[in-house]
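**Student:** the following comprises the amino acid sequence and a computationally predicted model.
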Amino acid sequence: MSITKKFVTYLILFIIICFAIPILFTKKFEEIEVSSNLENQNNNQENEGNKQENKQVEVSEIESTYNYKEYATIKLLHVKTNQVEEIKLDDYLYGVVSSEMPANFEEEALKAQAVVARTYTIYKIQNNLGKHGEASICDDSTCCQAWISKEDRFARWQEETREANWNKITKSVNLTQGKIITYEGKPINAFFHSNSGGKTETTANVWGGTGYPYLQSIETAGEDAYTQYNSEAKFTRNDLINKIKGKHADFQINFDEPECIKILEYTEGNRVKTVKIGNLQLSGVEVRTILGLRSANFDITINGDEITFTVKGYGHGVGMSQTGADSMAKSGSNYEEIIKHFYSGVEIEYL
Ligand SMILES: [Zn+2]
């Protein structure tokens, strides 16, 4: 072989090597790349799975870390013992939400309750200055807001449901940490009650006064599915006379008169505004108080010696209905939608 021939042969071989080997390797690399991509995808899916798991863990273990500045802790007056306890705002709310709403209610309803309770607390603190001395708020539901300790709450729950219930309550508070309901930038007077009987009430019809623009009479569907919707109270003639005479000594009634008891006027919220009973004209709210009815939304039937009050709803009827909130949550509403349904023209803002 001449040198030239040798050179040409080597050159061809070199060229083959230069092209062929990369092609071979490229194929291999492609295969490797594809398989490694698959691996990555699998890893990603696994990672996502892990992330979701982590997320679930995070959610149930989420803590309230919001910087409340002024309201980081509140001073809670325990009415029975007359002791004042300093407690973190959201720790306090665990005891309020678990006392005010059943733990088996929907998560979004519990979150709405948490935001309502937080708002109610701040409103009370800002507007009840000095009412409880150095304390910010008390644990009496008829004065401020109901509250229960974790120990007492656990004692009233079935053992197997305790942890899950408590986690659900704390989650509702922690997932809404820092949030309150405002109207024109200020915390609202966030009244709530158990069941509106289908329509909420204005404050003016319950306590008088001029009312609040964000507390209107609002209709809600689905409340009739709850046991709080329907109730009945029966009285004998004498029972009724004695109860009313306890408040109005001059009360007289002649049950032989056809219109001895007659509802004269209704409120926007379908409650009794004024009712004539014997020689008196009473408000539905007063009749509710005197007779211990569940609400002022009632009908009256007289049958011989028996007077029956057929009652719709439970509570004063102002602001958020808790069973209405649960019913809305069951139909897919989130806590913000629930809040904006019951309180007109409000915003949800960080405190
Ligand atoms: Zn109080």
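**Tutor:** Good, I have the coordinates.

**Student:** what's the burial count for L175?
**Tutor:** Neighbours of L175 under the rule other Cβ atoms under 10 Å: 16. Where C-beta positions appear, they are placed from N, C-alpha and C, glycine not excepted.

**Student:** for it, grab phi and psi.
**Tutor:** Listed backbone geometry of L175 is phi -70, psi -10, with angles given as degrees, to the nearest 10.

**Student:** and the residue lying closest to it once chain neighbours are set aside, what helix or strand is that in?
**Tutor:** Nearest residue to L175, sequence neighbours excluded (Cβ to Cβ, 6 or more residues apart in numbering): K111, at 6.2 Å. Secondary-structure element containing K111, defined by DSSP states H and E: helix 107-127.

**Student:** buried set for that helix?
**Tutor:** By neighbour count, and taking 16 or more other Cβ atoms under 10 Å as the criterion, the buried residues in helix 107-127 are 108-125.

**Student:** anything in the helix or strand following that helix near the ion?
**Tutor:** Past helix 107-127, heading to the C-terminal end, the next element that is a helix or strand (DSSP H and E) is strand 137-138. Yes: using Cβ under 5 Å from the ion, strand 137-138 reaches the ion at C138.

**Student:** what's strand 137-138 in contact with?
**Tutor:** Defining contact as Cβ atoms under 8 Å, 6 or more residues apart in numbering, one finds that strand 137-138 is touched by 74-79, 121, 124-125, 128, 132, 144-145.

**Student:** at 10 Å what do you get?
**Tutor:** Taking contacts as Cβ atoms under 10 Å, 6 or more residues apart in numbering, the residues outside strand 137-138 that touch it are 74-79, 82, 84, 92, 96, 120-122, 124-125, 128, 131-132, 143-145, 147.

**Student:** when you check the ion, which of those residues turn up near it?
**Tutor:** Counting by Cβ under 5 Å from the ion, the members of the contacts of strand 137-138 that reach the ion are C143, C144.

**Student:** just the buried subset of the contacts of strand 137-138, please.
**Tutor:** Here, 16+ other Cβ under 10 Å leaves 74-77, 79, 84, 92, 96, 120-122, 124-125, 132, 144-145, 147 buried among these.

**Student:** which non-adjacent residue is nearest V318?
**Tutor:** V318's closest residue in space is F191 (Cβ to Cβ, 6+ apart), at 4.2 Å.

**Student:** brain fart, S196
**Tutor:** Leaving out its chain neighbours, the residue that sits closest to S196 by Cβ to Cβ, 6+ apart is S321, at 4.0 Å.

**Student:** could you give the bridge partners of that neighbour?
**Tutor:** Each beta-bridge partner of S321 is listed here, defined by DSSP bridges: H193.

**Student:** what distance do you get for it to E106?
**Tutor:** Look at S321 and E106: by Cβ to Cβ, to the nearest Å, they are 14 Å apart.

**Student:** same question, H78
**Tutor:** Relative to E106, and taking Cβ to Cβ, H78 is found at 30 Å.

**Student:** in which helix or strand would I find E349?
**Tutor:** strand 347-350.

**Student:** tell me which residue of the stretch 151-300 of the chain lies closest to the ion.
**Tutor:** Residue nearest to the ion within the stretch 151-300 of the chain: N189 (14.2 Å; Cβ to the ion).

**Student:** contact partners for that residue?
**Tutor:** Contact criterion Cβ under 10 Å, 6+ apart gives 119-120, 123-124, 127, 181, 183, 203, 212, 214-215, 318-319, 343 as the residues in contact with N189.

**Student:** all helices for the stretch 201-350 of the chain, in order.
**Tutor:** Counting by DSSP state H, counting those that start in this stretch, residue ranges of the helices within the stretch 201-350 of the chain are 204-207, 237-245, 284-291, 322-330, 335-342.
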